[in-house]
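Participant: Build the 3D model from these lines:
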Amino acid sequence: MAVMAMRRRLRGVVLVLALLLTATAVVPVLLLGVAEDDAGGKVAAAAPFNASRVTAISWRPRIFLYRGFLSDDECDHLVNLGKKKIQRSMVADSKSGASVMSEVRTSSGMFLDKRQDPVVSRIEKRIAAWTFLPEENAENIQILRYEHGQKYEPHFDYFQDKINQAIGGHRYATVLMYLSTVEKGGETVFPNAEGWESQPKDDTFSECARRGLAVKPVKGDAVLFFSLHVDGVPDQLSLHGSCPVIQGEKWSAPKWIRIRSYENPPLSKPKETKGCSDVSAHCAKWAEAGECERNPVYMVGAEGSTPGNCRKSCGVCDS
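Facilitator: Predicted coordinates for the structure are as follows:
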């Protein structure tokens, strides 16, 4: 009798385990979700966040690769949105901050609206969840197309001019999403990345990609890299470019994220006092508490970074 009772208990345990396995097997499908495009079509989402899909490919600068960040449907949806208004890409002038045409960047592109449709909104929320950075700090998603021979010479995503810095500050992080797989060329290359020489490269890499740490554009993958150090100082190792496309066509979608709110910038510029100012009404209290010495990058600023937020209270105004 004891043996029979034991067998019944074992069958019960096996049944419970089978039910649990069946339930967990369908959870990812339930979490995938769908959203509608402008025409009412269904656009399937990528799989739920999975840390095992994220690889740290460099720590100087900080670069992370997420395989399968977007679904094929989401990639196609973004490409279709881009095709409607695409035009020659521009760059920011290093002095005036104005958008100008340059042979440094020969792609075509356009910007989407924030939360333009349910699909775009879903992707923007996913970016915020991955980066742990607020949606309001992010710029609009840009859609880019690189045809044969088109490229973007190595550059920094942080700004050299004060005009662009006034709206949300420097670009702190970039999420670069690949919307198509390029047969050859089109790699994202980081020529200043430490230890790039040790990256194994076969004949499928272009000559351009052999001059730095390179990431191949694969449909659905995304790269997250940081243009500033954790203390807010620009990271010169973050220099990067897009190699010329040799075979195929490259579609990508960068999302730049600022250090402050991009959606809700200050309504007016802070009052200037002999070359410097206080951005916050709390600066005087912070200065009295010793923050000028403890947190100098934020309070005063540092060489190569934006001016600090409490220069007046820290007594570093121009004489």
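Participant: Buried residues, the host helix or strand of A56. List them.
Facilitator: Following DSSP states H and E, one finds A56 within strand 54-59. Within strand 54-59, the residues scored as buried using 16 or more other CB atoms under 10 Å are 54, 57-58. Where C-beta positions appear, they are placed from N, C-alpha and C, glycine not excepted.
Participant: cool, and stretch 211-225?
Facilitator: 211-217, 219-225.
Participant: now swap in stretch 109-123 and tell me
Facilitator: 109-110, 112, 114, 117, 119-120, 122-123.
Participant: Now W59: closest residue in space, sequence neighbours ignored.
Facilitator: Sequence neighbours aside, E194 is the residue nearest to W59 in space, at 7.9 Å (criterion: CB to CB, 6 or more residues apart in numbering).
Participant: Please, where are all the helices along the stretch 51-200 of the chain?
Facilitator: 72-83, 118-131, 162-165 (DSSP state H, counting those that start in this stretch).
Participant: Lowest mean pLDDT across these, which one is that?
Facilitator: With a mean of 78, helix 162-165 has the lowest mean pLDDT of those.
Participant: hang on, the earlier thing: take the helices of the stretch 51-200 of the chain and write them to CSV, including distance to L65.
Facilitator: Formatted as CSV, the helices of the stretch 51-200 of the chain follow (distance: least, CB to CB, whole Å):
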stretch, distance to L65
helix 72-83, 16
helix 118-131, 12
helix 162-165, 27
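Participant: nearest to T204, of the ones you listed?
Facilitator: helix 72-83 (21.0 Å; CB to CB).
Participant: just checking, what packs against the closest one?
Facilitator: strand 42-44, helix 118-131, strand 142-146, strand 171-178, strand 250-258 (3 or more CB pairs under 8 Å, 6 or more residues apart in numbering; DSSP states H and E).
Participant: Run the chain-centre distance for that helix.
Facilitator: 18 Å (CA atoms, centre = their mean, to the nearest Å).
Participant: can you put the buried residues of strand 54-59 in TSV and add pLDDT and distance to G68?
Facilitator: What follows is these, written out as TSV (pLDDT from 0 to 100; distance: CB to CB, whole Å):
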residue	pLDDT	distance to G68
V54	97	10
I57	97	16
S58	98	20
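Participant: so what's A35 closest to, chain neighbours aside?
Facilitator: Using CB to CB, 6+ apart, the nearest residue to A35 is P118, at 3.8 Å.
Participant: I should have written S180 there, sorry.
Facilitator: That would be W251: by CB to CB, 6+ apart, it lies 4.3 Å from S180.
Participant: Next one, pLDDT for that neighbour please.
Facilitator: 97.
Participant: for S305, same thing?
Facilitator: For S305, pLDDT reads 54.
Participant: Surely R145 is in contact with G248?
Facilitator: No: R145 is beyond contact range of G248, at 11.5 Å (criterion: CB atoms under 8 Å).
Participant: Looking only at neighbour counts, state which of the two leads.
Facilitator: Shown here are R145 and G248; by other CB atoms under 10 Å, R145 has more neighbours (21 against 16).
Participant: pLDDT score assigned to that one?
Facilitator: Value for R145, per-residue pLDDT: 94.
Participant: The residue lying closest to E147 once chain neighbours are set aside - how many residues pack around it?
Facilitator: Among residues not flanking E147 along the chain, E249 sits closest, at 5.8 Å (CB to CB, 6+ apart). By the criterion of other CB under 10 Å, E249 has 16 neighbours.
Participant: give me the low-pLDDT residue ranges for the stretch 201-319 of the chain?
Facilitator: 266-275, 293-294, 297, 302-306, 318-319 (pLDDT under 70).
Participant: Return the residues in contact with M177.
Facilitator: 69-70, 75, 78, 123, 221-222, 252-255 (CB atoms under 8 Å, 6 or more residues apart in numbering).
Participant: that older thread, nearest to G186, out of the helices of the stretch 51-200 of the chain?
Facilitator: Nearest of these (CB to CB): helix 72-83, 14.7 Å.
Participant: Would you mind listing the buried residues in the closest one?
Facilitator: 73-79, 81-82.
Participant: and it, C-alpha only, in CSV?
Facilitator: C-alpha atoms of helix 72-83 as CSV (Å, rounded to 0.1, in the frame of the first residue of the first chain):
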residue,chain,number,x,y,z
ASP,A,72,11.5,41.7,-38.3
ASP,A,73,8.1,43.3,-38.3
GLU,A,74,9.3,46.3,-36.3
CYS,A,75,12.3,46.8,-38.6
ASP,A,76,10.1,46.7,-41.7
HIS,A,77,7.7,49.1,-40.1
LEU,A,78,10.4,51.7,-39.3
VAL,A,79,11.9,51.3,-42.8
ASN,A,80,8.4,51.9,-44.4
LEU,A,81,8.0,55.0,-42.2
GLY,A,82,11.4,56.3,-43.3
LYS,A,83,10.8,55.8,-47.0
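Participant: Now do the same contact list for E74.
Facilitator: 43-46, 119, 123, 220.
Participant: Relative to E183, which of those residues is nearest.
Facilitator: Distances from E183 to the contacts of E74, taken by CB to CB, are shortest for G220, at 16.2 Å.
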